[in-house]
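*Asks:* need coordinates for the following:
(chains A and B)
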2 protein chains.
Amino acid sequence: MIRIASFVAAVGAASLLSIGAMAQSAADLKMDASTPENVLTLGMGHGQQRYSALDQINKETVKKLVPVWNYSLNDARGQESQPLIYKGVMYVTTHQATHAIDSKTGRQIWQHKIEYPPETTRTVCCGILNRGAAIYEGMLFRATLDANVIALDAKTGKELWRSNAASVKDSFSMTMAPLIADGVVLTGISGGEYGTRGFIDGWDPATGRHLWRRFTTAAPGEKGGDTWPGDTHKHGGAPTWITGTYDPDLGLVYWGTGNGGPWNAEFRKGDNLYVASVLALRPKTGEIAWHYQFSPNSRYDHDAVSENILADVTIDGKSHKAILHVDRNGFTYVIDRANGKLLSAEQYVDKLNWADGVDMKTGRPILSAATKKVQAGEAVEIWPGVFGGKNWFPASYNPKTGLVYSNTLEMGNVYAPVEPKFVKNAMYLGYDLSKFAFAFPKGGSSSYLRAIDPVTGKSKWKVGYDVANWSGTMSTGGDLVFTGALTGEFLAYDADTGKKLWQFQTGSGIIGQPVTWQQDGRQYVSVASGIGGAYAIYIPLLAGNNKELVASLGKIQPGGSIWTFALIEE
Amino acid sequence: MIRIASFVAAVGAASLLSIGAMAQSAADLKMDASTPENVLTLGMGHGQQRYSALDQINKETVKKLVPVWNYSLNDARGQESQPLIYKGVMYVTTHQATHAIDSKTGRQIWQHKIEYPPETTRTVCCGILNRGAAIYEGMLFRATLDANVIALDAKTGKELWRSNAASVKDSFSMTMAPLIADGVVLTGISGGEYGTRGFIDGWDPATGRHLWRRFTTAAPGEKGGDTWPGDTHKHGGAPTWITGTYDPDLGLVYWGTGNGGPWNAEFRKGDNLYVASVLALRPKTGEIAWHYQFSPNSRYDHDAVSENILADVTIDGKSHKAILHVDRNGFTYVIDRANGKLLSAEQYVDKLNWADGVDMKTGRPILSAATKKVQAGEAVEIWPGVFGGKNWFPASYNPKTGLVYSNTLEMGNVYAPVEPKFVKNAMYLGYDLSKFAFAFPKGGSSSYLRAIDPVTGKSKWKVGYDVANWSGTMSTGGDLVFTGALTGEFLAYDADTGKKLWQFQTGSGIIGQPVTWQQDGRQYVSVASGIGGAYAIYIPLLAGNNKELVASLGKIQPGGSIWTFALIEE
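*Replies:* Below is the predicted model:
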């Protein structure tokens, strides 16, 4: 208790600045990472470090961590949503509703339901779900599966406006949480497997008016337009299905883009800007200040949508205002966030054969012999495969240890090139799926929680799972890393050693994003439980001979709920 | 721990008797109430006292009671099922599956799914749900909503046999847990609102062969047949939708019967044996040894299906082997279980106007002026109304306090007689439902947990709820009463004072039946959560002006799961 009190005193002066201002002002959002009584942003701060200095729950006390309430989401789909907390109210989204919950009792305050036409789910490749809301000036913003952005009154749940971003008839959908940056609501788009063209939108929070659209594949005549043959950019992918980070001081938003369309890149030769990239955008206009492309010509479905964590990183004695990015392609990157200069790029997975490394002079991957064979039309087992070394699930960064804590994967796939054909509302791939079945490591695990040095890519420690982990991590000043398992356990690890210190079985599989906050002097941790997402969908279809894994998955029960934990009161 | 150890020592000698016998033998079932490591029977013993002598969790320690695991049932329907526990495996039923769960970790061992034709639910009046299984000699027995009885291999979940009891086309359904008595599987039937004719069946556990059927309305020529005009017994109701109790020493099963059909009794003048009665049956044959009718001619839907708790009761200094029965009609009864002699019948609800008491000489209720008006065709507000003073939810009996702990209701309805018409698969009532809306107390609560003296009917204490309570209670040697609230809280009360000592919010509404057991020296408590049942269905339709209650109900989220609690380990 003393440690929390002193921490609060330290941030108290800053908190006072917002008194008298509108609720959830831009200043409040900017200070979210250092004001533990609320969780106002996805990633627990615009920088998405998913780190809280709270330390009431720590290595010593975590053994007394117990559930304090559960709230059923009445939704058997996957739960990847991150809760927000503002003044004792928790806001949680599912694909079909937004819930306001009393954060002390778990009782519902209001619920706003969403309906969408049944054809919506036809082109949702990887899970009928939603990843969270944004809050700003008394309003809650969220996207819907049928690609609408809606604003709700945070007090009552009343719908204030609804704006359509794109049509499900054109295979678009939305699952990410909106981002508030410089007074603009930014949203991305899903649908990259269906030959769509990705974009990022800006909306007026007060009215829902569309302010700008930044397409993520460059058209002929635009900068980067020459990286696409013919009109291939029109079905070029580069979806934007994970929320960007924001540096208010530099005035830049960092938003990752997904795979190219079709997956088989021989039918769109060139770098294909801006697939598998990070775009540094000015949020008022959508203008691109700079970009960095992780996987030029991206051919393995290696979306580069991983969060671009804002952190100060010291390399060779020099401090950099950087973004840290654990890419799906198996490398972890450090990039100067002011100008996009690559500072480091190192392998973090055990097995990687699509590239021989990243050339620090050009910033480009050195394509391997395996990839050259795929380019030549051969069927080759490539690692990481289609799920990548890290999928959607966000990592956390602990500034005390300087480590990035991420769940990771060790799986490959056989990419057997075939000619793709664009058919509206069908997957646009260009590989023979009958040969695609997942490959798993001969020894070791197919999934690890890793404590990654972001500069060297080396893991200080790693912990294996039998069933792959598909959830985010959270780091705390209590020297803990929280994450959830697909088998249902919510878990706390020692940030220094990876020793498992605590677990609790939540009833369904966890693929959510943990948060922590304090209320009336007590530290709380919350996470959604509810199995779903791409792994749960595709492993039963494509696990090949791994019947044991399919059987294990089959024993996990669907069922969405929100869990809140705290130390038992003495 | 010491208290548990000494208790185990005390029962150890008895437990040894069953060593070497087949798993879950008749002897094991008989001793269930005194062998706390397992829960082999509905009601935690054939006598359904729902009492355990375990006292590790008690008035002092209950503040350290915390969830140890949750298991999602992947079912948004109501959860009234009581778990069984045998050697570290928990068995739980829903309307659509049977689950075997590791009782320490909450991980699934096996699941057996049930499918039934969609027309099944057309004539399920009061909740799509199941109340539990029976276990015997390595087999698990359960009923299905479409009126089949099935046997599963308890180790693997493999279906061993399936026998049909009745057709959903004739409005029959099944929700109760089977009863094992004298080597026979006994089952009841639901559907009393649809002009069905009730019965109890006996089945061979090894093969599923039908052994006998006892109809619960007497046909002309049979004993009691003269209590029905014409062929009214054919649609006369008396369903048997709650599991009976069993006294192995007397060789008698006590099974309650439900309302008469149609509800309006003027169209079936007479006592209508055996509606609203308890039948003492010989389990090998279904022969009726004796009966007692709580509500002759039952006209208010006052099913007498309440559990008939086996207990030794002292009245005027004389001890009786009795059954205790808290009837839906607002009276609590003590009956000699050897011969059916009424020993006491006293009002336990605050408001009751259908009768002026029970005549101890005749054993019959003294019909009130209000009931005589209804008989004359007038519309009258009757208390208790259609839900009764106690509905399906089982009470518990604590032999230490001699009190029955039951959730109870204080609600009335206006019964406006009209002529009923039998239409197949339609409700067969005879009251004008447009005038039926629930009446609630002007002051006080519409629902109380009561500590009832079974002989006097007086409540030693009562605790009110805002939203009515629809769940069972459990009593323990730790001087606690456990129950769950429809608003989601699992609750522990001081058995002596009614003081609330502990609660936990389980995410959905609780309408389940708590159990407790011990494993490796640790006492566990489990209960299902998941709102549903008749109250949740009909209050939104028939709450009249009580919009606040309907709004409160609307905030409770569906979502079925099993919760297990224990004291936090130091």
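*Asks:* burial measure for A:E119, as a count.
*Replies:* Residues lying near A:E119 (other C-beta atoms under 10 Å in any protein chain shown) number 11. Glycine gets a C-beta too; all of them are placed from N, C-alpha and C.
*Asks:* and it, that one's in a strand?
*Replies:* No. Under DSSP: H, G, I helix; E, B strand; the rest coil, A:E119 sits outside any strand and is assigned helix.
*Asks:* which residues does it contact?
*Replies:* By C-beta atoms under 8 Å, 6 or more residues apart in numbering or on different chains, A:E119 lies in contact with A:168-169.
*Asks:* torsion angles phi and psi at A:A26?
*Replies:* As for A:A26, its main-chain torsions (degrees, to the nearest 10) stand at phi -60, psi -40.
*Asks:* list the contacts of it.
*Replies:* Contacts of A:A26 (C-beta under 8 Å, 6+ apart): A:136, A:180, A:182-183, A:248.
*Asks:* ok, what's across the strand from whichever residue of the stretch 301-450 of chain A sits closest to chain B?
*Replies:* Closest approach between the stretch 301-450 of chain A and chain B, counting by C-beta to the nearest C-beta: A:S447, at 18.0 Å. Counting by DSSP bridges, A:S447 is bridged to A:L409.
*Asks:* what number of residues lie near A:G244?
*Replies:* Per other C-beta under 10 Å, the neighbour tally for A:G244 reads 28.
*Asks:* if I look at the residue in the stretch 1-150 of chain A that chain B sits nearest to, how far off is A:L140?
*Replies:* Residue nearest to chain B within the stretch 1-150 of chain A: A:S72 (2.9 Å; C-beta to the nearest C-beta). Distance of A:S72 to A:L140, computed by C-beta to C-beta, to the nearest Å: 20 Å.
*Asks:* same thing with A:G286?
*Replies:* Counting by C-beta to C-beta, the gap from A:G286 to A:L140 is 23 Å.
*Asks:* about what we covered before: just checking, the residue of the stretch 301-450 of chain A closest to chain B touches A:N391?
*Replies:* No. In this structure, A:S447 is not within contact of A:N391 by C-beta atoms under 8 Å, at 10.1 Å.
*Asks:* if I look at A:V184, how far off is chain B?
*Replies:* A:V184 is 34 Å from chain B, where distance means C-beta to the nearest C-beta, to the nearest Å.
*Asks:* dump the residue contacts of that residue.
*Replies:* Counting by C-beta under 8 Å, 6+ apart, A:V184 makes contact with A:202-205, A:211, A:283-284.
*Asks:* how about the residues of chain A by chain B?
*Replies:* With C-beta under 8 Å from any C-beta of the partner chain as the criterion, chain A meets chain B at residues A:64, A:66-74, A:76, A:105-109, A:111, A:487-488, A:504-508, A:529, A:555-562, A:568.
*Asks:* out of those residues, which end up buried?
*Replies:* Buried subset of those (neighbour count, 16 or more other C-beta atoms under 10 Å in any protein chain shown): A:64, A:66-74, A:76, A:105-109, A:111, A:487-488, A:504-508, A:529, A:556-562, A:568.
*Asks:* strands - which of these land there?
*Replies:* Mapping those onto strands (DSSP state E) picks out A:66-72, A:108-109, A:111, A:504-507, A:529, A:561-562.
*Asks:* least confident secondary structure element in chain A?
*Replies:* Within chain A, no helix or strand scores below helix A:2-16, which has a mean of 42 by mean pLDDT, DSSP states H and E.
*Asks:* which one of A:G286 and A:L140 has more residues nearby?
*Replies:* Neighbours were counted for A:G286 and for A:L140 using other C-beta under 10 Å; A:L140 has more, 25 against 21.
*Asks:* helix or strand for the more buried one, which one?
*Replies:* Take DSSP states H and E as the rule and A:L140 turns out to sit in strand A:139-143.
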